[in-house]
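# here are the coordinates; sequence isn't available:
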Ligand SMILES: Nc1ncnc2c1ncn2[C@@H]1O[C@H](COP(=O)(O)OP(=O)(O)OP(=O)(O)O)[C@@H](O)[C@H]1O
Ligand SMILES: [Mg+2]
């Protein structure tokens, strides 16, 4: 469904992606792990066209992302940004229902609001936050509003950039279950970035590890512990000793 | 010798980068204009922009122009007295305010008030990935953020200039009748008789152009902001500088077009 071939991206002399190859089949949940600053967020943004890759090819459903009709292409995606990226001039429910209030998916205001409140409930937020503004919410609540916005229009493909960072363990569990549910029940294709190993095990069908600008290892989540890859082993154990440098 | 060369090289590089920036701003402007004519249209955003740029700028426009009108009347009276031409105060105040000071002052106040706030708002949206989020939600940021603001400024700033012109002339009238013993009715008649339609048209056209420049610069610098708080600060500063300089340059050009003959 999504295929990245030799995708490269540099910011000046900072060579972030140096030939990423990755394939995510339809209705599967792929989790990307990797150290901070290795380019996981950049990789997601490349697929969405928010960052233009220097070279390489990105195909979605056999269609080149570069030449696809932008509106139709983006209408299939939902994205949760690492920093939530809520519109602070709009109330919480208007953020969640943003897509449902304008454009091709436009519907009556009452209906959009109802859907927004239902999505908020699914991410563990009560209806009374609907009329508040993003600046009045805690970081973890903003993150969950961002998550509700990403899933509001029931997209086919969903990207989650660190969905559980900043959440308490119970809420993190709720969000993990929700992501799993979206993939299993709605047949969505999901790509999740996370540093939280319990999230990885709860969400993933497959795991890919990004390191030094390339996919070091990829495989089913069941193989994670016996990957035989020193990078993955070190990442899981969180040990400072191993091939991944931990500058101190 | 090498100093001279490196100075010249620096000058060349500066010229090139200025030209490149001008090219990018031109493309940005053309893209913005194209969005005026292609749906979807965001009427709510447009309404907000009209309120912010127009209505909420009224106090600052009124205050700047009334003081300037008064000061202008005083200067012309004092200057005119040197060759017994005190009587021209109403005429020169009218011309000075309507042709020049009204539009320029309003333009500069809009640059201070509106350009800065647009630039800071859009730059913050850019830095916090809200612009990216708009794109992923199938909304074109140029259409959603830039087009409504620029269109609103084009339409609303001429009204502000009209208000500024009237209040500026009133400032002159107040000063002249209260402290310089001008006759109120004569002052107003002289003003009305002296102004021509072309004066007023030029004033309003200038207002529209200056408004467009102010909003465009805010959007352009905001959209091209660098990362972090520093990026937002730079974008805001750059937008106000560019808007002010371009407004004054455009004023020079427009004055030439209207009144050179
Ligand atoms: N717009 C940009 N301009 C310049 N450099 C950038 C830009 N976006 C990302 N980078 C750089 O690319 C690198 C990868 O960034 P990215 O945000 O993808 O990391 P990440 O893997 O998501 O890290 P984290 O886990 O901390 O979120 C970083 O070194 C960052 O400084
Ligand atoms: Mg990241």
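Received, thanks. Since we're looking at a predicted model, the values are computed, not measured. Residues are numbered from 1 along each chain as shown, chains lettered A, B, ... in the order given. Ligands and ions are numbered 1, 2, ... in the order given.

# relative to residue A:165, how far out is the residue in chain A that chain B sits nearest to?
Closest to chain B within chain A is residue A:85: 4.0 Å, counting by CB to the nearest CB. Where you see a C-beta, it was placed from the backbone N, CA and C, and this is true even at glycine. From residue A:85 over to residue A:165 the distance is 14 Å, taken as CB to CB, to the nearest Å.

# comparing those two, which residue is more hemmed in?
Between residue A:85 and residue A:165, residue A:85 has the larger neighbour count (other CB atoms under 10 Å in any protein chain shown), namely 24 against 16.

# picking up where we left off before, residues in contact with the residue of chain A closest to chain B?
Residue A:85 makes contacts with A:146, B:128, B:129, B:130, B:132, B:133, as judged by CB atoms under 8 Å, 6 or more residues apart in numbering or on different chains.

# give the burial count for the second one, as a bare number.
Other residues near residue B:128 number 18, with proximity taken as other CB under 10 Å.

# check contacts around it.
By CB under 8 Å, 6+ apart, the residues touching residue B:128 are A:83, A:85.

# mind doing that once more with 10 Å?
A:81, A:83, A:84, A:85, A:86, A:87, A:88, B:232 (CB atoms under 10 Å, 6 or more residues apart in numbering or on different chains).

# on the three-state scheme, the residue of chain A closest to chain B is what?
Secondary structure, DSSP: H, G, I helix; E, B strand; the rest coil: residue A:85 is coil.

# ok, it to ligand 2 distance?
Counting by CB to the ion, to the nearest Å, the separation of residue A:85 from ligand 2 is 12 Å.

# same check on residue B:119?
In this structure, residue B:119 and ligand 2 are 27 Å apart, going by CB to the ion.

# counting neighbours, what do you get for that residue?
Counted with other CB under 10 Å, the neighbours of residue B:119 add up to 29.

# isn't it right next to residue B:219, touching?
Yes - if you go by CB atoms under 10 Å, residue B:119 and residue B:219 touch, sitting 7.7 Å apart.

# need the overlap of contacts for the two.
The contact lists of residue B:119 and residue B:219 share residue B:239, where a contact means CB under 10 Å, 6+ apart.

# so where do the helices sit in the stretch 51-200 of chain B?
Applying DSSP state H, counting those that start in this stretch to the stretch 51-200 of chain B gives helices spanning B:58-81, B:89-95, B:102-110, B:116-127, B:130-136, B:141, B:147-179, B:184-194, B:197-223.

# these: which one's closest to residue A:102?
Distance to residue A:102, taken as CB to CB, is lowest for helix B:130-136 among the helices of the stretch 51-200 of chain B, at 10.9 Å.

# distance between the closest one and the chain's centre?
The chain centroid and the centroid of helix B:130-136 are separated by 29 Å under CA atoms, centre = their mean, to the nearest Å.

# repeat that for stretch B:7-20.
27 Å.

# stretch B:89-107 too?
14 Å.

# run a quick neighbour tally on residue A:238.
Neighbour number of residue A:238 under other CB under 10 Å is 9.

# residues near the residue in the stretch 101-250 of chain B that ligand 1 sits nearest to, how many?
Residue of the stretch 101-250 of chain B nearest ligand 1, by CB to the nearest ligand atom: residue B:227 (6.3 Å). Residues near residue B:227, counting by other CB under 10 Å, number 9.

# nearest residue to it in space, please, no chain neighbours.
If the residues on either side of it in the chain are set aside, residue B:227 comes closest to residue B:127, at 6.2 Å by CB to CB, 6 or more residues apart in numbering or on different chains.

# follow-up on the earlier one: check what pLDDT the residue of chain A closest to chain B gets.
Note on residue A:85: pLDDT of 95.

# contact residues of chain A facing ligand 1?
Within chain A, the positions near ligand 1 by CB under 6 Å from any ligand atom are A:11, A:14, A:16, A:34, A:36, A:37, A:38, A:39, A:40, A:41, A:42, A:82.

# quick check: the second one touching residue A:54?
Which is residue A:14. No - counting by CB under 10 Å, residue A:54 is not a contact partner of residue A:14; they are 12.0 Å apart.

# quick one: which of those two has more around it?
Using other CB under 10 Å, the more surrounded residue of residue A:14 and residue A:54 is residue A:54, with 14 against 9.

# now the more buried one: how far from ligand 2?
19 Å.

# which element, helix or strand, includes the nearest residue in space to that residue that is not next to it in sequence?
Counting by CB to CB, 6+ apart, residue A:54 lies nearest to residue A:8, which is 4.9 Å off, once chain neighbours are set aside. Element membership for residue A:8, per DSSP states H and E: strand A:2-11.

# quick one: check the top helix by length along chain B for contact with chain A.
In chain B, with assignment by DSSP state H, the single longest helix is helix B:2-37. No - using CB under 10 Å from any CB of the partner chain, we find that helix B:2-37 stays clear of chain A, coming within 14.3 Å at best.

# now do the buried residues in that helix.
B:25, B:28, B:29, B:32, B:35 (16 or more other CB atoms under 10 Å in any protein chain shown).

# export those residues to TSV and tack on pLDDT?
Formatted as TSV, the buried residues of helix B:2-37 follow (pLDDT from 0 to 100):
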residue	pLDDT
B:25	94
B:28	97
B:29	96
B:32	96
B:35	95
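
# got CSV for these, with distance to ligand 2 too?
Listed next are those as CSV, based on distance: CB to the ion, whole Å:
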residue, distance to ligand 2
B:25, 32
B:28, 29
B:29, 34
B:32, 32
B:35, 31
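
# quick check, nearest of these to residue A:142?
For the buried residues of helix B:2-37, the nearest to residue A:142 is residue B:35 (30.0 Å; CB to CB).

# how close does that closest one sit to residue B:191?
41 Å.

# tell me the average confidence for the helix or strand where residue B:238 lies?
Using DSSP H and E, residue B:238 sits within helix B:228-259. In this model, helix B:228-259 has a mean pLDDT of 95.

# in the strand holding residue A:8, what's buried?
Under 16+ other CB under 10 Å, the buried positions of strand A:2-11 are A:2, A:3, A:4, A:7, A:8, A:9.

# stretch B:43-62 too?
B:45, B:46, B:49, B:50, B:52, B:53, B:54, B:57, B:60, B:61, B:62.

# tell me the secondary structure for the residue most central in space within chain A?
In chain A, the centroid-proximal residue (CA atoms, centre = their mean) is residue A:160; its distance is 1.8 Å. Of the three states, residue A:160 takes strand according to three-state DSSP.

# please name the bridge partners of it.
Residue A:160 has these beta-bridge partners by DSSP bridges: residue A:80, residue A:192.

# that one and residue A:147 touch, don't they?
Yes - at 7.2 Å, residue A:160 counts as touching residue A:147 under the criterion of CB under 10 Å.

# could you confirm whether stretch A:12-21 reaches chain B?
No - with CB under 10 Å from any CB as the criterion, chain B is not reached by stretch A:12-21; the gap is at least 12.6 Å.

# any part of that stretch near ligand 2?
No - judged by CB under 5 Å from the ion, stretch A:12-21 stays clear of ligand 2, getting no closer than 11.1 Å.
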